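Peer 1: would you be able to build a 3D model of this:
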Amino acid sequence: MISVLGCIADRHDIRLVIVAAIICLFGCYTAFSVLDRAHDDDRLRAPWLAAAGLTGGATIWTTHFIGMLAYRPGMVVGYDIALTGLSILSAIVITWIGFAASSRIGPLVGGAIAGSAISIMHFTGMIALSAPARFEWNPVYIGASLVSGVALGAAAVWLFYRGPRLRWRLLATLVLALGIMAMHFTAMTAVTLRFDPTVAVADDAVLAPEWMAVVVTASMAMIAIVALVGAVVDRHLAKRATHEADRLRRYVEALEATTESLEATTDDLHEALAAAEAANQAKTNFVANMSHELRTPLNAIIGFSDMMREEMFGPLGNDRYREYAIDIHTSGLHLLDLISDVLDFAKIDAGRFDLHEEEFDLRDTVATVHNMVIGLAATAGVSLVDYVPEHLPRVFADERRIRQIILNLVSNAIKFTPRAGNVAITLSSEPQGLLIRVSDTGIGIAPDDIPLALEQFGQIGNSMARKYEGTGLGLPLAKRLVELHGGRLELRSTPARGTTVDVVLPRDRLRPAPGNR
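Peer 2: Next up is the predicted model:
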């Protein structure tokens with residue numbers, strides 16, 4: 001034990017060891033969360049098991065290579081690409097086999113198989129290591145590393161099957177993460193690299209800080225795949241809700257046509273309605289839970305890529321890797337925005353959305369939005385202007401959500417406005433309340449398509465609109481947030497001439513300005 005700790009302290013960068021431990025914990029928790037869903041859904045058990053194996057194997061591989069990045073052997077080292085690819089493939093496949101066996105054969109056997117993936121992946125990765133040195137191995141530490149990986153892997157899966165409570169999942173996460181870290185650093189203690197200039201090193205096999213970009217990219221890809229699996233399941237639940245709604249409609253028609261069987265039909269109607277509500281609630285809960293589980297590791301990815309982009313631990317050494325880090329950071333922020341919008345919808349649908357109301361000056365909010373999007377407007381070649389009168393009443397509302405409404409509308413307007421076009425933000429006090437108007441000279445929307453644009457995930461089907469990125473969340477989310485404030489959102493548009501969106505906050509949300517009290 002003392003030798004292992006000495007190996008970590010003397011031959012590793014402690015900061016990167018901590019990064020490896022954090023990513024390992026996030027990955028293990030996500031893998032067990034996905035495995036839990038595999039046992040809850042018999043119809044989609046196979047895809048969920050595959051996703052759990054993918055997440056667990058990727059966690060083992062990512063932890064290993066961040067640990068290797070932390071390793072300081074005192075010489076230039078590199079990796080064989082083919083063997084490195086084989087290492088991640090072996091980790092994913094063997095972890096998947098172990099998770100699948102845990103429900104068929106038993107948790108201890110399945111966990112031991114999954115634990116063996118840690119050892120197989122590690123030593124495959126070590127074979128891929130290329131350095132001008134001779135490798136000297138200590139068989140005692142090799143045996144200890146193999147035992148720790150298999151034993152702690154078996155214990156972690158056994159703890160996971162003890163019960164459905166969160167505490168068992170957290171305990172299993174800690175034990176599996178300990179198994180991965182213990183196996184890796186015990187195995188690293190078992191090897192000593194003796195410098196030997198006669199040993200040939202593979203061409204272009206040089207380990208540099210930019211490897212961090214590769215590892216973070218791989219982690220992000222794994223999380224994106226988990227999100228894709230979640231989307232497939234969500235689609236399945238949506239179809240189920242639609243099916244139950246169709247059943248409800250048929251029962252209503254039968255009720256009108258056959259009054260003699262009123263009592264029996266009414267009972268069936270209640271069952272169908274309850275089933276439809278349960279399916280819809282299951283979909284809402286799934287979206288909320290998946291959004292939370294994705295947002296936590298995604299915040300870590302954004303933070304690590306920002307550290308790389310700022311080169312906090314030293315230069316990356318290659319401009320292309322710096323560009324990759326910027327792309328990862330930008331993509332992560334975009335994905336986080338989408339996940340936050342989906343989570344907001346889920347909270348509204350579940351009736352768990354709370355407004356944090358205060359009195360504020362709407363002119364300051366508009367100025368903040370203007371500063372946030374002025375760069376986007378300049379890049380798009382669009383003129384952005386504000387028409388804000390000097391004297392306006394103050395507003396009592398959730399300032400963050402009002403800012404989100406205006407930001408969504410203005411960003412949408414800029415996105416769908418061609419170069420040399422105009423986007424305007426106008427505030428005015430009207431008899432019915434305070435008017436917030438966002439107008440543009442963009443591509444516009446056909447009158448028949450306006451209801452679709454205001455639906456969740458609504459996508460206009462014409463060829464012009466399909467050229468622009470979008471999930472269909474901006475307008476519907478803005479409308480729901482306005483309605484939560486007791487206001488209304490109205491959209492008017494003419495194709496090829498532009499769009500105007502009016503948000504009206506009711507008069508009971510207005511407060512006198514300080515000079516008018």
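
Peer 1: give me the phi and psi for residue 390.
Peer 2: The phi and psi values for residue 390, taken as degrees, to the nearest 10, are phi -70, psi -40.

Peer 1: how many neighbours does it have?
Peer 2: Applying other CB atoms under 10 Å, we find 6 other residues in the vicinity of residue 390. Where you see a C-beta, it was placed from the backbone N, CA and C, and this is true even at glycine.

Peer 1: now residue 99: closest residue in space that isn't a chain neighbour?
Peer 2: Excluding the flanking residues, the one nearest residue 99 by CB to CB, 6 or more residues apart in numbering is residue 52, at 5.1 Å.

Peer 1: how close does the one you found sit to residue 394?
Peer 2: As judged by CB to CB, to the nearest Å, residue 52 and residue 394 stand 52 Å apart.

Peer 1: again, but for residue 383
Peer 2: Distance of residue 383 to residue 394, given as CB to CB: 29 Å.

Peer 1: which one's more surrounded, those two?
Peer 2: Of the pair residue 383 and residue 394, residue 394 is the one with more neighbours under other CB under 10 Å, namely 19 against 14.

Peer 1: so that one makes contact with residue 362?
Peer 2: Yes: using CB atoms under 8 Å, residue 394 is in contact with residue 362, at 7.5 Å.

Peer 1: what comes up buried for stretch 55-75?
Peer 2: Residues 55-71, 73 are the ones in stretch 55-75 that count as buried (16 or more other CB atoms under 10 Å).

Peer 1: got it, and stretch 407-423?
Peer 2: 407-417, 421-423.

Peer 1: CSV for those, including distance to residue 129?
Peer 2: Output for the buried residues of stretch 407-423, formatted as CSV (distance: CB to CB, whole Å):
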residue, distance to residue 129
407, 49
408, 50
409, 54
410, 52
411, 47
412, 51
413, 54
414, 50
415, 48
416, 52
417, 54
421, 56
422, 59
423, 55
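
Peer 1: now, which of these lie within strands?
Peer 2: Under the assignment DSSP state E, the buried residues of stretch 407-423 contribute 422-423 to strands.

Peer 1: ok, the buried residues of stretch 407-423 vs residue 35, which is closest?
Peer 2: Proximity of the buried residues of stretch 407-423 to residue 35 was ranked by CB to CB; the top entry is residue 408 with 36.4 Å.

Peer 1: residues touching the closest one, list them.
Peer 2: Counting by CB atoms under 8 Å, 6 or more residues apart in numbering, residue 408 touches 474-475, 477-478.

Peer 1: could you redo the last one with a cut-off of 10 Å?
Peer 2: For residue 408, the contact set (CB atoms under 10 Å, 6 or more residues apart in numbering) comprises 341, 369, 438, 473-479, 481, 501.

Peer 1: any idea of the pLDDT on it?
Peer 2: Per-residue pLDDT puts residue 408 at 89.

Peer 1: how near is it to residue 453?
Peer 2: Computed as CB to CB, the residue 408 to residue 453 distance reads 13 Å.

Peer 1: now do the shared contacts for these two.
Peer 2: 474-476, 479.

Peer 1: let's see which of those end up in helices.
Peer 2: Judged by DSSP state H, those include 474-476, 479 as members of helices.

Peer 1: and the nearest residue to residue 474 once chain neighbours are set aside, how far from residue 435?
Peer 2: Excluding the flanking residues, the one nearest residue 474 by CB to CB, 6+ apart is residue 408, at 4.3 Å. According to CB to CB, residue 408 stands 17 Å off from residue 435.

Peer 1: for residue 62, same thing?
Peer 2: Residue 62 sits 51 Å away from residue 435, going by CB to CB.

Peer 1: identify each buried residue in the host helix or strand of residue 102, please.
Peer 2: Using DSSP states H and E, residue 102 maps to helix 81-104. For helix 81-104, burial by neighbour count (16+ other CB under 10 Å) applies to 84, 86-88, 90-92, 94-103.

Peer 1: wait, a helix at residue 438?
Peer 2: No: counting by DSSP: H, G, I helix; E, B strand; the rest coil, one finds residue 438 to be strand, located in no helix.

Peer 1: got a pLDDT number for it?
Peer 2: pLDDT recorded at residue 438 is 96.

Peer 1: what residues are up against the residue lying closest to it once chain neighbours are set aside?
Peer 2: Once flanking residues are discounted, residue 438 sits nearest to residue 409: 4.2 Å by CB to CB, 6+ apart. Neighbouring residues of residue 409 by CB under 10 Å, 6+ apart: 369, 423, 425, 436-440, 474-475, 478, 489, 491, 499, 501-503.

Peer 1: give the next helix or strand downstream of the strand or helix carrying residue 111.
Peer 2: Assigned by DSSP H and E, residue 111 belongs to helix 107-127. Downstream of helix 107-127, the next assigned helix or strand under DSSP H and E is strand 129-130.

Peer 1: elements contacting that following strand?
Peer 2: strand 78-79, helix 81-104 (3 or more CB pairs under 10 Å, 6 or more residues apart in numbering; DSSP states H and E).

Peer 1: I figured residue 393 was touching residue 508, is that so?
Peer 2: No: Residue 393 is not in contact with residue 508 according to CB atoms under 10 Å; the separation is 11.6 Å.

Peer 1: which residues are in contact with each of these two?
Peer 2: Residues within reach of residue 393 and of residue 508 at once, by CB under 10 Å, 6+ apart, are residue 433.

Peer 1: neighbour count: those two, which is higher?
Peer 2: Applying other CB under 10 Å to residue 393 and residue 508 shows that residue 393 carries more neighbours, namely 17 against 9.

Peer 1: so for the spatially closest residue to the more buried one that is not a sequence neighbour, what's the pLDDT?
Peer 2: Of all residues not flanking residue 393 in the chain, residue 510 sits nearest, at 4.2 Å (CB to CB, 6+ apart). Listed pLDDT for residue 510 reads 93.

Peer 1: cool, and residue 334?
Peer 2: For residue 334, the model assigns a pLDDT of 63.

Peer 1: can you tell me the SS state at residue 197?
Peer 2: coil.

Peer 1: my read: it touches residue 132, true?
Peer 2: Yes: between residue 197 and residue 132 there is a contact at 5.7 Å, judged by CB under 10 Å.
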